[in-house]
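> make a model of this:
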Amino acid sequence: MFATGESKICDNEFYIAICNEIYGADFVKKSQRLMTRIESNGTLIKMMLSILAFSSNCSIVLPDHRYYLNNTSTTNSIILIRVQDIFIVILWKYLVYQYGFIEAVRRFDSLVKYHLDILNQINDVNSKQHLEMIDTLIVKTTNSLTLNH
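You can find the predicted model right below:
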């Protein structure tokens, strides 16, 4: 959502037409409404994305076993949680410094709510075509990274 908003790709009629075809007009309209609520401070969004990058699962209802690393040990999981905790503390200190305590609470609440709304929106789409595109993208990216090393 952040990259889409920054690139203003939703202003492109061709992009919207393709998204309507793949996901349906209702999904696209809900996504566009969700994008209007995005935090205006890009630094906060980037920090939140860093925090979420260290999350072990980003699914509301169902665990996403495709992205779960089966070989992760408890030690590695604890290290990831510690890294995530450090990023959260940095985010919190930035929020308090930038906005003061009360507004920091509001902004943090807004970031969490926005993320949960995005996850809810993602869980609403049950497009087989979308999942196939994502799987193809993952395979091609993995292959290109393997060939480059």
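
> can you name the element that comes right after whichever strand or helix holds residue 77?
Applying DSSP states H and E as the criterion places residue 77 in helix 74-99. Towards the C-terminus, the helix or strand next in line after helix 74-99, according to DSSP H and E, is helix 101-124.

> coming back round to it: what about the helix holding residue 77, distance to the chain center?
With Cα atoms, centre = their mean, to the nearest Å as the basis, helix 74-99 stands 17 Å off its chain's centre.

> that helix packs against which elements?
helix 42-53, helix 101-124 (3 or more Cβ pairs under 8 Å, 6 or more residues apart in numbering; DSSP states H and E). In this view, the C-beta of every residue, glycine as well, is placed from N, C-alpha and C.

> the residue most central in space within the chain: what's it in contact with?
Nearest to the mean C-alpha position of the chain, by Cα atoms, centre = their mean, lies residue 49 at 6.5 Å. Residues counted as contacts of residue 49 (Cβ atoms under 8 Å, 6 or more residues apart in numbering) are residue 2.

> may I see the buried residues of the helix holding residue 77?
80, 84, 87-88, 91, 94-96, 99 (16 or more other Cβ atoms under 10 Å).

> can you check stretch 10-19 too?
16, 19.

> restricting to C-alpha, output it in PDB.
Taking Å, rounded to 0.1, in the frame of the first residue of the first chain, the C-alpha atoms of stretch 10-19 are listed here in PDB:
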ATOM      1  CA  CYS A  10      -3.600   4.300  -8.700                       C
ATOM      2  CA  ASP A  11      -3.800   7.300 -11.000                       C
ATOM      3  CA  ASN A  12      -3.000   5.000 -13.900                       C
ATOM      4  CA  GLU A  13      -6.300   3.800 -15.500                       C
ATOM      5  CA  PHE A  14      -4.700   0.700 -17.000                       C
ATOM      6  CA  TYR A  15      -3.400  -0.400 -13.600                       C
ATOM      7  CA  ILE A  16      -6.900   0.100 -12.100                       C
ATOM      8  CA  ALA A  17      -8.500  -1.800 -15.000                       C
ATOM      9  CA  ILE A  18      -6.200  -4.800 -14.500                       C
ATOM     10  CA  CYS A  19      -6.700  -4.800 -10.700                       C
END
